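Asks: next input, structure requested:
(chains A and B)
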Number of protein chains: 2
Amino acid sequence: MKPVEWLGDRLKIIDQSRLPDKVVYLELKNYHGVISAIVELKVRGAPAIGIAAAYGIALGAMSLKSAGVKQFDKEFQRILREFAASRPTAVNLFYAIDKMRQAAAGVSSIEGAKKKLLLAAETIRKHEESAMRRLSKNGSALIKDGWTILTHCNTGSLATGTTYGTALGVIKAAGEQGKKIRVFADETRPVLQGARLTTWELIQEGIPVTLITDNMAGYLMSRGLIDCAIVGADRIAANGDTANKIGTYSVAVLCKENRVPFYVAAPLSSIDINIRSGRDIIIEDRNPDEVTSIRGIRIAPEGVQVMNPAFDVTPHKYISAIITEKSIIKKPYKLSISKLFEEEI
Amino acid sequence: MKPVEWLGDRLKIIDQSRLPDKVVYLELKNYHGVISAIVELKVRGAPAIGIAAAYGIALGAMSLKSAGVKQFDKEFQRILREFAASRPTAVNLFYAIDKMRQAAAGVSSIEGAKKKLLLAAETIRKHEESAMRRLSKNGSALIKDGWTILTHCNTGSLATGTTYGTALGVIKAAGEQGKKIRVFADETRPVLQGARLTTWELIQEGIPVTLITDNMAGYLMSRGLIDCAIVGADRIAANGDTANKIGTYSVAVLCKENRVPFYVAAPLSSIDINIRSGRDIIIEDRNPDEVTSIRGIRIAPEGVQVMNPAFDVTPHKYISAIITEKSIIKKPYKLSISKLFEEEI
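Replies: The predicted structure is shown next:
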């Protein structure tokens, strides 16, 4: 399965909004199509958004018929701004935009810039592929044979555009090591990434998975049925506060109350050291229809008010460890995260 | 709106499974129809189940063409057993069955027994109507002007077959007192009683209501947007442990973590002093289809395993107060509940 694939002149993606009923591939021939796919959750998951955006930016640049380098740069910057406006919370999008901006900076010819941009997108993809592989292996050390693991949202190949993934990558790696594990997947309302995508990926991997509604997770913990929870991240602040799919905070609090370890698995590209704490992370509010309808079927009376924050913030104190491609870090996160990036330089 | 109404020879109910799209009334002419309506959640909510079952038992008894009192009693006991097997968790069902059994006990003629049973059902209905009215007024004293209240599942007229209700009755009474309140309604997966029924009732009452998915409640609390949570109960043990709709436990833990008062509103008929603690409450497991489909639309891959507990148990330590028709009781619940029932005798 290749959720995000570059075909030389177009980007091929799996339409995640159609899963699991139908496996539909889309070929996106211009950058507007890539932005729409991100906005409409056809491609979703912080790392996958980053990779798709990088190729989308390259695609946009390649289509420019600018008269000179100066005009090219102006039009290129506009494309970057359009991508930046697509989804606000996942930092990987902005990580990709920054890398692409750097790749084109100071290049003397338009053709040179186009080549460099395509190369930069490819580098991001390869970097994420390798990061997820290492992250998954690192995290698998935390998973004991026989454990039952709770996960929220979808964090595997689909969400990351890579072979492994973040939280689901850790689970897959543990499974590959022969550990007998079992997964409870929160359905993850409103968009049902858990019900539609995580169960689908785990069935394909041959890892036993049981689907529950989001409000059952706490009860299972209180009955002693969960050994640990692992989730991904859309943006981690410098102090470890983690923005992730709505409902993650509740899972974390329920873990604390029931003394269940709560792990976040995320590549360094999901850590935003420029943001001091979770308070400063912008939370995307999405269309109320996602709450009042499920797959096109209305479930609430007309005229009802709705809130639909797509993410929440889990304060760092609830996080037992953050699993990255470099190492597994622990509290105090302000220190351990800054060390992670110091070594990076 | 009359969710449960006796028409002399048949029971008229609102089909709650069709709401809010359509207001469909069903006229149930035999007791099998009443049992099916309970099993299929056409009538649901612990107190409403109790009232419907009482009339259903009367309806069943009235249809018996027994040769003598002894045969009548044998057939009557079979009807009671059929009702007892319909749904295991809500104690109000068993409360109603006990009252009906007592009403028919020792009656010398079949016609006499039939009359007494109809009278007993009417008494249960009137008793619940009055209990909910007093409970709602009692509880409204806890609600301050300007508060935003979180509720889970549906606990108003529909759920109780009465004018007020339990948790929603308290909210309605506070609204009637002119308090400016606002409600966040959890959608309450899998059956969506919050999205379909609570929003619908509150819109009719003119109380501002905002629909959220279950996994958003914790996040709203962490942002300081919730002043208190109120829920109903399906069965309260002698120590205060409370079985209620799945997800209630999670709301209670999130309330504790965020120092938000967590109230349970329930009539004495929902308290089961024969059960020592929540450990002994039987939790109903329902059809996996409720989780894998939403209103007939499949949301998960074929073959996925599912858990579907309909209720969970909230340990008494999380409950700030229990609101009953007699008084508002507090910890230690073992003592305050036993006092409630001592006075009753």
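Asks: my guess is A:Asn215 contacts B:Asn244. True?
Replies: No. With contact defined as Cβ atoms under 8 Å, A:Asn215 does not count as touching B:Asn244 (11.3 Å). Backbone N, C-alpha and C define where each C-beta goes, glycine included.
Asks: what's the burial count for the residue of the stretch 1-150 of chain A found nearest chain B?
Replies: As assessed by Cβ to the nearest Cβ, chain B sits closest to A:Pro20 within the stretch 1-150 of chain A, at 4.2 Å. By the criterion of other Cβ atoms under 10 Å in any protein chain shown, A:Pro20 has 20 neighbours.
Asks: likewise for A:Ile283?
Replies: By other Cβ under 10 Å, the residues close to A:Ile283 number 18.
Asks: helix, strand or coil for it?
Replies: What DSSP: H, G, I helix; E, B strand; the rest coil gives for A:Ile283 is coil.
Asks: OK, contacts around it?
Replies: Listed by Cβ atoms under 8 Å, 6 or more residues apart in numbering or on different chains, the contact set of A:Ile283 reads A:88-89, A:243, A:309-313.
Asks: low-confidence stretches in chain A?
Replies: A:343-345 (pLDDT under 70).
Asks: how about the residue in it that sits furthest from its center?
Replies: A:Ala67 (37.4 Å; Cα atoms, centre = their mean).
Asks: now that residue, what are its backbone angles?
Replies: Phi and psi for A:Ala67, reported as degrees, to the nearest 10, are phi -70, psi -30.
Asks: and the strands in the stretch 101-250 of chain A?
Replies: Here the stretch 101-250 of chain A has its strands, by DSSP state E, counting those that start in this stretch, at A:148-151, A:182-186, A:209-212, A:228-231, A:235-237, A:242-245.
Asks: of all those strands, which one is nearest B:Leu93?
Replies: Nearest of the strands of the stretch 101-250 of chain A to B:Leu93, taken as Cβ to Cβ: strand A:209-212 at 25.8 Å.
Asks: packing partners for that closest one?
Replies: Contacts defined by 3 or more Cβ pairs under 8 Å, 6 or more residues apart in numbering or on different chains; DSSP states H and E place strand A:209-212 against strand A:182-186, helix A:199-205, helix B:289-292, strand B:305-306.
Asks: cutoff 6 Å now
Replies: strand A:182-186, helix A:199-205 (3 or more Cβ pairs under 6 Å, 6 or more residues apart in numbering or on different chains; DSSP states H and E).
Asks: in a markdown table, list the ones you listed along with mean neighbour count.
Replies: What follows is those, written out as a markdown table (neighbours: other Cβ atoms under 10 Å in any protein chain shown):
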| stretch | mean neighbour count |
| --- | --- |
| strand A:182-186 | 24 |
| helix A:199-205 | 21 |
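Asks: please, which helix or strand holds A:Leu59?
Replies: Taking DSSP states H and E as the criterion, A:Leu59 maps to helix A:46-62.
Asks: what angle separates the helix ranked longest in chain A from helix A:46-62?
Replies: Counting by DSSP state H, the longest helix found in chain A is helix A:110-140. If you take axes from the mean of the first three to the mean of the last three Cα atoms, to 10 degrees, helix A:110-140 sits at 170 degrees to helix A:46-62.
Asks: distance between helix A:110-140 and the chain's centre?
Replies: Chain-centre distance of helix A:110-140: 15 Å, with Cα atoms, centre = their mean, to the nearest Å.
Asks: buried ones in that helix?
Replies: A:110, A:113-118, A:120-121, A:124-125, A:127-129, A:131-140 (16 or more other Cβ atoms under 10 Å in any protein chain shown).
Asks: go on, stretch A:316-330?
Replies: So for stretch A:316-330, counting by 16+ other Cβ under 10 Å, buried means A:316, A:318-329.
Asks: need those in TSV with secondary structure, can you?
Replies: Shown next, in TSV, are the buried residues of stretch A:316-330 (three-state DSSP):
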residue	secondary structure
A:His316	helix
A:Tyr318	helix
A:Ile319	coil
A:Ser320	coil
A:Ala321	strand
A:Ile322	strand
A:Ile323	strand
A:Thr324	coil
A:Glu325	coil
A:Lys326	coil
A:Ser327	coil
A:Ile328	strand
A:Ile329	strand
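Asks: of the residues you listed, closest to B:Gly146?
Replies: A:Tyr318 (30.3 Å).
Asks: now A:Cys228: closest residue in space, sequence neighbours ignored.
Replies: A:Pro261 (4.4 Å; Cβ to Cβ, 6 or more residues apart in numbering or on different chains).
Asks: burial of that neighbour, as a residue count?
Replies: Other residues lying near A:Pro261 total 15 when counted by other Cβ under 10 Å.
Asks: same thing with A:Glu342?
Replies: Using other Cβ under 10 Å, A:Glu342 has 8 neighbouring residues.
Asks: and it, how far is that from chain B?
Replies: Separation of A:Glu342 from chain B (Cβ to the nearest Cβ, to the nearest Å) stands at 31 Å.
Asks: ok, and which of the contacts of A:Ile283 reach chain B?
Replies: Contacts with chain B within those, counted by Cβ under 6 Å from any Cβ of the partner chain: A:Asp312.
Asks: from the contacts of A:Ile283, pick the one nearest chain B.
Replies: Nearest to chain B among the contacts of A:Ile283, counting by Cβ to the nearest Cβ, is A:Asp312 at 3.9 Å.
Asks: what about whichever helix or strand the closest one is part of, distance to the chain center?
Replies: Assigned by DSSP H and E, A:Asp312 falls within strand A:311-314. Its chain's C-alpha centre and that of strand A:311-314 lie 14 Å apart, by Cα atoms, centre = their mean.
Asks: same question for stretch A:35-52.
Replies: The answer for stretch A:35-52 is 9 Å, by Cα atoms, centre = their mean.
Asks: ok, the closest residue to A:Asp214 other than its chain neighbours - contacts?
Replies: The shortest distance from A:Asp214 to any residue other than its chain neighbours is 4.1 Å, reached at B:Asn215 (Cβ to Cβ, 6+ apart). Taking Cβ atoms under 6 Å, 6 or more residues apart in numbering or on different chains as the contact definition, B:Asn215 lies against A:214, A:246-247, A:250.
Asks: could you tell me which of the residues you listed count as buried?
Replies: Among these, those classed as buried by 16+ other Cβ under 10 Å are A:214, A:246-247, A:250.
Asks: quick check: buried residues in stretch A:55-75?
Replies: Applying a neighbour-count criterion of 16+ other Cβ under 10 Å, one finds A:55-62, A:64, A:72-73 buried in stretch A:55-75.
Asks: near chain B, which residues of the stretch 201-345 of chain A are found?
Replies: A:203, A:210-216, A:218-219, A:246-247, A:249-250, A:253-254, A:257, A:291, A:294-295, A:297, A:299-301, A:304-307, A:312.
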